[in-house]
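J.: Sharing a sequence plus its predicted fold:
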Amino acid sequence: MMSKTVGIKFINEDRLYYVKSDIEDELSNDTFVVVSTESGLKYAKCYSIIDEDVTRNCVIGDVIRVATLEDEKNNEKNILDQNKAFDKCKQLVDRYKLNMKLIKAEFTFDRSQLLINFFSEERVDFRELAKQMASIYKTRIEFRQVGIRDKARIVGGIGPCGRKLCCSSYLHDFDTISISMAKNQMIALNPNKINGVCGRLLCCLNYEDELYKEYRKLIPNVGKKVIIDDKEAKVVQVDLYNQKYVVEFEDKTLKEIVVSNSGTD
């Protein structure tokens, strides 16, 4: 049987992941499955089925089986218990006065591990905390310290564009974002305009950066002196998106210049 690539989402997550499936059961959208990942077994829902074998760098595991009614009940119990574990861990964090902000607690499907994500700007000694949690839940406890961008990815939210955060819906890797990207796109360097809910530069500044770099090769900067109609003029306004700019001549007259890939009109 030819393996299939299956798009899945884990419970309470918006991001789509891909896994391989070699099982004989017929899969369709909305089918619940148990998958094997590097983090252990997980419960997930199918969202897309690709018939042919597709190699993807974001494939994270394999489908083990179609979920049974018992699997569904176990998943519901895991969700309830991991919420209780989160609350218990928070109580212990307060007791030990640890400088860490808990983000999420999650059992693997077979409960072989309890993963707890937290954010802190400093190194945290959580050894005693881990011992306490292990003695209570009788399973392996893993604390994972994440950055501020990963925190936004895990918690989720709505971006300034009014849509779900890119990092929590489809981005699998964080690209390097620089302030020069905002400058290239002539966006006001106002933190409220260029920062996301994580407080870091918006990931979407990277989406059109290459395009704007190409635009900038054809458009002079504001203030630059240029020769138009054999006369010297100064660039006073730039519209990168529409590929045009406005110049001012010595007699204060203005002229709009529209740029094409072949040159200046």
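T.: That came through, no problem.

J.: Where do the helices of the stretch 1-150 of the chain begin and end?
T.: 69-96, 127-137, 148-155 (DSSP state H, counting those that start in this stretch).

J.: Mean pLDDT lowest where, among the ones you listed?
T.: Of all the helices of the stretch 1-150 of the chain, the minimum mean pLDDT falls on helix 148-155 (a mean of 89).

J.: before we move on, the earlier item: mean neighbour count and distance to residue 13 for the helices of the stretch 1-150 of the chain - can I get that in JSON lines?
T.: For the C-beta atoms, the positions are set from N, CA and C on the backbone; glycine is no exception. Putting the helices of the stretch 1-150 of the chain into JSON lines (neighbours: other Cβ atoms under 10 Å; distance: least, Cβ to Cβ, whole Å) gives the following:
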{"stretch": "helix 69-96", "mean neighbour count": "14", "distance to residue 13": "12"}
{"stretch": "helix 127-137", "mean neighbour count": "15", "distance to residue 13": "22"}
{"stretch": "helix 148-155", "mean neighbour count": "18", "distance to residue 13": "9"}
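
J.: Now distance to residue 50 too, for these, in CSV please.
T.: Output for those, formatted as CSV (distance: least, Cβ to Cβ, whole Å):
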stretch, distance to residue 50
helix 69-96, 24
helix 127-137, 38
helix 148-155, 25
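
J.: Quick check: which of the ones you listed is nearest to residue 43?
T.: Nearest to residue 43, of all the helices of the stretch 1-150 of the chain, is helix 69-96, at 4.2 Å by Cβ to Cβ.

J.: do you know which of the helices of the stretch 1-150 of the chain lies nearest residue 17?
T.: That would be helix 148-155 among the helices of the stretch 1-150 of the chain, by Cβ to Cβ, at 13.0 Å.

J.: For residue 74, which residues are in contact?
T.: 43, 109 (Cβ atoms under 8 Å, 6 or more residues apart in numbering).

J.: got it, and residue 158?
T.: Applying Cβ under 8 Å, 6+ apart, the residues near residue 158 are 164, 165, 197.

J.: Type out the PyMOL command that picks the buried ones from those.
T.: Applying 16 or more other Cβ atoms under 10 Å to the contacts of residue 158, the buried members can be selected in PyMOL as follows:
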select buried, resi 165+197
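
J.: domain parsing for the protein?
T.: The chain breaks down into these domains under automatic domain parsing: 4-67, 73-146, 160-207, 217-264.

J.: Output the longest strand belonging to this protein.
T.: Assignment by DSSP state E gives strand 40-50 as the longest strand of the chain.

J.: what residue ranges in the stretch 151-265 of the chain are flagged as low confidence?
T.: Low-confidence segments of the stretch 151-265 of the chain (pLDDT under 70): 261-265.

J.: Could I get the full set of strands for it?
T.: Taking DSSP state E, counting those that start in this stretch as the test, the strands found in the stretch 151-265 of the chain are 225-228, 231-239, 244-249, 254-260, 263-264.

J.: distance of the residue lying closest to residue 167 once chain neighbours are set aside from residue 211?
T.: Closest residue in space to residue 167, ignoring its immediate chain neighbours: residue 153 at 4.1 Å, by Cβ to Cβ, 6 or more residues apart in numbering. Separation of residue 153 from residue 211 (Cβ to Cβ, to the nearest Å) stands at 26 Å.

J.: Residue 184 now?
T.: Distance, residue 184 to residue 211, using Cβ to Cβ: 10 Å.

J.: show me what contacts residue 109?
T.: Contacts of residue 109 (Cβ under 8 Å, 6+ apart): 34, 40, 41, 42, 43, 71, 74, 75, 78.

J.: please redo it, this time with the cut-off set to 10 Å
T.: Each residue near residue 109 by Cβ atoms under 10 Å, 6 or more residues apart in numbering is listed here: 34-37, 40-44, 64, 67, 71, 74-75, 78.

J.: Quick check on those residues: which are buried?
T.: Counted by 16+ other Cβ under 10 Å, these give 34-37, 40-44, 64, 67, 71, 74-75, 78 as buried.
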